[in-house]
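J.: My questions are about this predicted structure, shown below with the sequence.
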Amino acid sequence: MDADRRGAQFERFTRLNRGLHVVMIISFISLALTGLTLKFSYTPWARTLSHLLGGFESAGYIHRVGAVLMIGLFATHIADLWRRKHREYGSWRALIFGPDTMLFTRRDMSELIDSLKWFLGRGPRPQYGRWTYWEKFDYFAVFWGMMVIGSTGLMLWFPVFFTHVLPGWLINVASIIHSDEALLAVGFIFTVHFFNTHLRPEKFPMDLVVFTGRMPIEEFREDKPAEYEALVASGRLEEHLVEPYQPIVIRTVRIFASVALSLGFLIVLWIIYAMLFAYR
Amino acid sequence: MRLDATGISSLRGRPGWWTSRLPRLAVAVAFVITPVAATTTAFSQANDDCLACHEDRTLTGTRKGKTIPVFVDAKRFAASVHGSLDCISCHADIEGKELPHDDTLQPVDCGTCHDTIKAQHARSLHGRAVARGDPLAPVCSSCHGAHDIVPVRAPGSPVAPLRIPFLCGKCHEEGSPVQKQRDIHQDHILENFSESIHGEGLLRKGLIVAPSCASCHTAHSILPHTDAESSIARRNIAGTCTKCHAEIEMVHRKVIKGALWEKELHVLPACVDCHQPHKIRKVFYDQGMADSDCMRCHDRPDIEASSDGRSLHVSAVDLAGSRHSKTSCSQCHSGVSPSRVRACETIAAKVDCASCHAEVGQRYQQSTHGQLLAENDPNGPSCKECHGTHGVLGRIDPRSATFAINVPTLCARCHREGRKAAARYAGSQHEIIEHYTESIHGKGLTKSGLTVTAMCTNCHTAHGVLPASDPASSVNPRNIPNTCGHCHHGIEEQFQKSVHATEVGVTKKELPVCSDCHSAHTIRRTDQTGFMLDIMTKCGRCHEAIARTYFDTYHGKVSQLGYTKTAKCYDCHGAHDILKVADPRSHLSHDNVVQTCQKCHEGATRRFAGYLSHATHHDPDKYPFLYWTFWGMTSLLIGTFCVGGLHTLLWIPRALQMRRARQRVEAPAAPGAGPGAGAPPPAAGPPAAGPTEAKGGDRGR
């Protein structure tokens, strides 16, 4: 849906979170492209791509820069959580177990069941809140992925340092975990996440809310009825209303998002090709 | 000259005994002589006085602490050429001494009387050896004896013509100390001489006019042929031979102009060039032709063969500048009859270079080139195809077609793609010349102008060219390490100790040789990307499984992307010195492996070396950790995708419904306007109700 409507819009994401998501896109796609050239080095595409990226040495450099960016954004996110704990929640308990928690709750379980019922035509669309269960899943999938891929990636980056303590064969194990977990992350983000947030028919071709941070109120009410009603009931909806962006901003964002999406799809196609026709 | 115990022994008729004791001659011998006769002043010893003691057969003296017999046979002495002389004429130092005299006597000096001969001997090889103190050097008595010297022609003389070969042979026969220990270039001198026409005349026919050793070498002025004054020096040899073979130049008239014989001997062959010293045989050498006789006709530019019209012109300039400028026409074009007006009309055979270049000719005949020619194959190259004819130049002459830098062009005449040799070739090597020119050897030769770089004949040989399949070929796999090792000797040494050497490797498979990794004609620098990346597939031709697993790990994957600074097979295993990992000298042995890793990974530890550089996650027995990690990760991946994918698939129909419902709501709301215009106010209710109703409606259907 177009986001450039006149009138106030609901601000769903903070400026920082939007920035982090953009950094995430850039670093993730760079890491995916450069990393997969190595994983699928036996396909002609990998060789061509590696060549396009300036040869393996430069691809490796890009990969490491991407890694540093991602570690940086991870740290920034943790620091942000810390800050928000102080400012908005007062305690970790309030942050973690509050109504806007990212953790899976009983409510998520029932929403999942209700969703399945809805999919199968056995019930209405659940009244989703601020974070749906699939959004929470995305969040923790990325969280877990960063821990796993990041730690094994550091082992592969500094093998001499790590083998002062760890046995050499763990480097082999690390490389399998690193590359397969990365394959999972890339595959999941570029298919399931893309569909759930951008491609599902009511959002098609993309949902710009994560870039602009704002969405039309009626779309918000439709998407997250529980959150909307809670805000209306508490009378705090006005606090979250902002002016929409200029069309030029929207256009720029749209171009960026299109590029990112297309790259993601190309990478998925390449993975499918490599797995089906060239795997060994 | 010393007349001493040596001489006495020879009087006793034991030839050989004295030669073996020659060393001792250097020291004077003691004689015990009874002084009897008076001199003009006091008294002079008469021979009888000496013989009073020395006629005693049991009389002994001492020399250097050794007891030696000092008997003198009075009869034989009286019969000798010196029989009329007094003992003291030779043993001058005893004169006037009390008898019996001291043990120590001065050596006898024959030069007192024979002064000319003494001077000749002193200048000769023998005399110079004596002066040097050479214990093997002969003095007068070594050949002539001592008290029993008889005239040269007397039958008993050791220097009689018939006995000279034996006399000289005592020192110069095969196996004697002189022949073995001194610098004498001729071998089997006596055997060869005895079989030569000279030896036959002297020894079998008893012709005392036949030459013996001294006839050519002289008796006392024996000098090496390098000495200009020697009778066998190149300049003098004709004079020496013509002492007997007077007017021999008449026989050689066609070859050697009479006038040159004396004036310009250096441009002529010496007798020994054709008639080898000591081996002179009784054969009639082909009568030669003077080149000028040939050139009378062949100098004409228009001379043609009557049979096929080919030019028979011979360029005198070419000939003069050629390697064979000093070879006469008839030496190659043999079979001429100088007595005829057209001496060449009796020539029946083609030029046979092998008549001089026998060894090369033999190799050539066994080569593919020679075999083709022998079968009268028109493709078979003869000597002249490569070497030319009258203008033949040596291979060190840059103008020569066989000069190193010109050889590829020479071979390319037939071996370039499409030419006659390439056309009949059925092997795997193609565009040989082009590939070679681009190879490191070719560039070295043609671009850097290095004449020492390998070109065609360095590997294939010049005359023994054989296909690689022939076990005798220099490029047969078994011989390749040796062939390459001619230049790359250090590498060959390493290689021959490696597992790939036939002496070391234990396998039924064919072991690799240089060309399997480096190729034959496309040899590249090993520090170039192409070579470095190719080597893995080359090793992988035999080491299939291990190469595949290499490509499963980081080093292999990276190199597959064209990165060369990563570990390739030879970085860890070594290039030419590959050994089994179990071998303590291997780069990968327990003691060396950490150091090998450290070549690239500075600070690598033993734990680091535990990295499995050929690991695969497909082998549960060998690498269970990797296997289970892989399958664990893969299950996680498949599981996540199944759940996520199923969830998405189930969602799609509802999502499509929502989209349609929204379009139904929006379409009447903004007819003819863009989707951004005329949006309903945020607080309005209908949009929220729309989908809900739609859903309800759907559900009801």
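T.: Looks like it came in fine. Residues are numbered from 1 along each chain as shown, chains lettered A, B, ... in the order given.
J.: Determine the number of other residues adjacent to B:G610.
T.: Neighbourhood size, B:G610 [other CB atoms under 10 Å in any protein chain shown]: 17. Just so you know, the C-beta spots here come from the backbone N, C-alpha and C atoms, and that holds for glycine as well.
J.: give me the residue from the stretch 51-200 of chain A nearest chain B.
T.: Nearest to chain B in the stretch 51-200 of chain A, going by CB to the nearest CB, is A:G168, at a distance of 2.6 Å.
J.: helix or strand for the nearest residue to B:A575 once chain neighbours are set aside, which one?
T.: Leaving aside its sequence neighbours, B:A575 sits nearest to B:T526 (CB to CB, 6 or more residues apart in numbering or on different chains; 7.7 Å). For B:T526, there is no enclosing helix or strand under DSSP states H and E.
J.: now B:A547
T.: Take DSSP H and E as the rule and B:A547 turns out to sit in helix B:544-550.
J.: Can you dump the C-alpha atoms of the next helix or strand after that helix in CSV for me?
T.: Using DSSP H and E, the helix or strand that follows helix B:544-550 in sequence is helix B:554-560. In CSV, the C-alpha atoms belonging to helix B:554-560 read as follows (Å, rounded to 0.1, in the frame of the first residue of the first chain):
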residue,chain,number,x,y,z
TYR,B,554,38.5,-23.2,2.6
HIS,B,555,41.8,-23.4,0.7
GLY,B,556,40.3,-25.2,-2.2
LYS,B,557,37.2,-23.0,-2.4
VAL,B,558,39.2,-19.9,-2.4
SER,B,559,41.6,-21.1,-5.1
GLN,B,560,38.6,-22.1,-7.2
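J.: what about helix B:554-560, distance to the chain center?
T.: Centre-to-centre, helix B:554-560 and its host chain are 45 Å apart (CA atoms, centre = their mean, to the nearest Å).
J.: Also stretch B:556-576?
T.: Relative to the centre of its chain, stretch B:556-576 is centred 38 Å away, using CA atoms, centre = their mean.
J.: End to end on it, go ahead and measure it.
T.: End-to-end distance for stretch B:556-576: 21 Å, by CA to CA, to the nearest Å.
J.: contacting residues around it?
T.: A:37-39, A:41-42, A:46-47, A:50-51, A:55-57, A:59, B:491, B:494-495, B:498, B:526, B:529, B:532-533, B:535-536, B:539, B:547, B:549-551, B:554-555, B:578, B:586-588, B:596, B:599-600, B:613 (CB atoms under 8 Å, 6 or more residues apart in numbering or on different chains).
J.: try stretch A:18-36
T.: In contact with stretch A:18-36 (CB under 8 Å, 6+ apart) are residues A:13, A:46, A:49, A:53, A:59-60, A:62-63, A:65-67, A:69-70, A:72-73, A:76-77, A:142, A:179, A:182-183, A:185-186, A:189, A:210-213, A:256, A:260, A:263-264, A:267, A:270-271, A:274.
J.: Which of the residues you listed fall within helices?
T.: Of the positions in these, A:46, A:49, A:59-60, A:62-63, A:65-67, A:69-70, A:72-73, A:76-77, A:142, A:179, A:182-183, A:185-186, A:210-212, A:256, A:260, A:263-264, A:267, A:270-271, A:274 sit in helices, assigned by DSSP state H.
J.: Within reach of chain B, which of those residues are there?
T.: With CB under 8 Å from any CB of the partner chain as the criterion, the ones in helices among the contacts of stretch A:18-36 include A:A46, A:A59, A:L183 near chain B.
J.: so the nearest residue to the last one once chain neighbours are set aside is in which element?
T.: By the measure of CB to CB, 6+ apart, the closest residue to A:L183 outside its immediate chain neighbours is B:L637, 6.5 Å from it. If you go by DSSP H and E, B:L637 is part of helix B:624-669.
J.: Quick one: list the elements packing against that helix.
T.: On a contact count with 3 or more CB pairs under 8 Å, 6 or more residues apart in numbering or on different chains; DSSP states H and E, helix B:624-669 meets helix A:106-119, helix A:169-188, helix B:686-700.
J.: Could you tell me the angle between that helix and helix A:106-119?
T.: Counting by axes from the mean of the first three to the mean of the last three CA atoms, to 10 degrees, helix B:624-669 lies at 60 degrees to helix A:106-119.
J.: I'd like to check the angle between helix B:624-669 and helix A:169-188, please.
T.: 20 degrees.
J.: Next, count neighbours for B:V341.
T.: Using other CB under 10 Å, B:V341 is surrounded by 6 other residues.
J.: Quick one: classify it as helix, strand or coil.
T.: Secondary structure, DSSP: H, G, I helix; E, B strand; the rest coil: B:V341 is coil.
J.: Provide a list of residues in contact with B:T483.
T.: B:C459, B:S474, B:V475 are the contacts of B:T483 under CB under 8 Å, 6+ apart.
J.: nearest to B:D187, of the ones next to chain B among the ones in helices among the contacts of stretch A:18-36?
T.: Nearest to B:D187 among these: A:A46, at 72.6 Å, using CB to CB.
J.: you'd agree B:K279 is up against B:S196?
T.: Yes: counting by CB atoms under 8 Å, B:K279 does reach B:S196; the two are 5.8 Å apart.
J.: So for the two, which residue has more residues nearby?
T.: When B:K279 and B:S196 are compared for neighbours, B:S196 comes out ahead with 22 against 18, by other CB under 10 Å.
J.: now that one: how far from B:A210?
T.: 10 Å (CB to CB, to the nearest Å).
J.: now do B:N458
T.: According to CB to CB, B:N458 and B:A210 sit 51 Å apart.
J.: Sweet, I'm off.
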